[in-house]
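Asks: got a predicted model here, sequence first, then my questions.
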Amino acid sequence: MKKVTSENVQELLNRYMEGENTQEELRLLKEYFGNNKDLPANLRPYAQMFGVLDKKPKTPSVEALNRFAEAPQSARRHIPLWPLLAAACLAAFAVIFLTPPKEEENMAIAYVDGKTLNNEAMAMQMGQEALQEIFSNGNEEEQLTDLFNEK
């Protein structure tokens, strides 16, 4: 196989994915995907994959590795964890304990005749008036029993 074409590229990709390709076929695939800019959408991810395969990672020189190995421990970058941990604890404390509790906007104080009454002062006044009416008639026990449906 001398050249990869749009007709045989899928066959070569299948052989590559199965691990059955030769080094020559791998070289041809890398060349095809590296040089072909007008790829169909289904082949573009392969171009990225083969592009990554061609890149060689930068490795430090032997001299740099030796200098690092011989450097004293204090010269190496070392970030102590306790200041970060203390800062995280302080931030958590501030969020949990110093943030005011969120007030409920539509918290029901009372229900009167099936309607929600949100005004606390009005609810207290209506409750006191109802109790005054009950205790002013002299038959409190009967009215309270009727009120709570206990017989």
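Replies: Looks like it came in fine. Residues are numbered from 1 along each chain as shown.
Asks: tell me how many other residues crowd Leu28.
Replies: Other residues within reach of Leu28 by the criterion other CB atoms under 10 Å amount to 19. Where C-beta positions appear, they are placed from N, C-alpha and C, glycine not excepted.
Asks: that one and Asn42: what is the separation?
Replies: For Leu28, the distance to Asn42 under the criterion CB to CB, to the nearest Å works out to 19 Å.
Asks: also Ser61?
Replies: The span separating Ser61 from Asn42 equals 42 Å under the rule CB to CB.
Asks: tell me the mean pLDDT over the helix or strand encompassing Val95?
Replies: Here Val95, judged by DSSP states H and E, is contained in helix 81-98. When pLDDT is averaged over helix 81-98, the result is 80.
Asks: now do the helices in the protein.
Replies: Counting by DSSP state H, the chain forms helices over residues 9-17, 23-35, 44-54, 62-70, 81-98, 120-136, 140-148, given from the N-terminal end onward.
Asks: what about dumping the CA coordinates of the last one to CSV?
Replies: I take that to be helix 140-148. Coordinates of the C-alpha atoms in helix 140-148 are reproduced here as CSV (Å, rounded to 0.1, in the frame of the first residue of the first chain):
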residue,chain,number,x,y,z
GLU,A,140,-66.3,28.8,77.8
GLU,A,141,-66.1,25.0,78.0
GLU,A,142,-69.0,24.5,75.6
GLN,A,143,-67.6,27.0,73.1
LEU,A,144,-64.1,25.5,73.3
THR,A,145,-65.5,22.0,72.8
ASP,A,146,-67.4,23.3,69.7
LEU,A,147,-64.3,25.0,68.5
PHE,A,148,-62.1,21.9,68.7
